[in-house]
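# Need coordinates for the below:
(chains A, B and C)
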Amino acid sequence: MRESFFEEVYRIVSMIPRGQVATYGQIAAYLGNPRGARTVGWALGSLPEGLDVPWHRVINSQGRISGQPRGQRASEQRAMLEEEGIAFDDSGRIDMTKYGWTMAQ
DNA sequence: CGTATGACGAGCC
DNA sequence: AGGCTCGCCATAC
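Numbering: from 1, shown residues only, chains lettered A, B, ... in the order given. Below you'll find the predicted structure:
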């Protein structure tokens, strides 16, 4: 029984600890698809509600929130990250060297 | 089975 | 530094 790519993404994202963030590419690479960042984003976009997956801890390689900056989802994501203690600079970017998830286990 | 889609990424100007 | 283009990949139809 192999999980769909979606389920694998959900599983990995669920491992991101509070107060840290990971990039789409990072997750894709972990799943064996260094080039499948888009697919990861798509998987999160189709994320059903009620799965207890910290989707807000996933951002793009620039350390910014993806999607429409004005969108409701983006503001909500930023609010949740700030609540976890993550800081945004004037450009709305996160310091990956400081909050980036290292997948250390 | 071919085409379209999407919360991306790296490169180039 | 900021913005644009092209490449990538798993589903949906």
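# ok, which stretches of chain A are helices?
With helices called from DSSP state H, chain A shows them at A:5-13, A:24-30, A:37-45, A:72-83, A:96-99.
# Include mean neighbour count when you put those into JSON lines, please.
The C-beta positions use only the backbone N, C-alpha and C, and glycine is treated the same way. Putting the helices of chain A into JSON lines (neighbours: other C-beta atoms under 10 Å) gives the following:
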{"stretch": "helix A:5-13", "mean neighbour count": "18"}
{"stretch": "helix A:24-30", "mean neighbour count": "20"}
{"stretch": "helix A:37-45", "mean neighbour count": "18"}
{"stretch": "helix A:72-83", "mean neighbour count": "14"}
{"stretch": "helix A:96-99", "mean neighbour count": "14"}
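# and the nearest residue to A:Asn33 once chain neighbours are set aside, how far is that from A:Tyr24?
Using C-beta to C-beta, 6 or more residues apart in numbering and skipping residues adjacent in sequence, the residue nearest A:Asn33 is A:Thr39, 6.8 Å away. Distance, A:Thr39 to A:Tyr24, by C-beta to C-beta, to the nearest Å: 9 Å.
# again, but for A:Gly92
17 Å.
# One more: A:Gly100?
Taking C-beta to C-beta, one finds A:Gly100 at 13 Å from A:Tyr24.
# burial count for A:Val58?
By the criterion of other C-beta atoms under 10 Å, A:Val58 has 25 neighbours.
# ugh, wrong one, I meant A:Phe88
Look at A:Phe88: counted by other C-beta under 10 Å, it has 15 neighbours.
# Before I go, just wanted to say thanks for your time.
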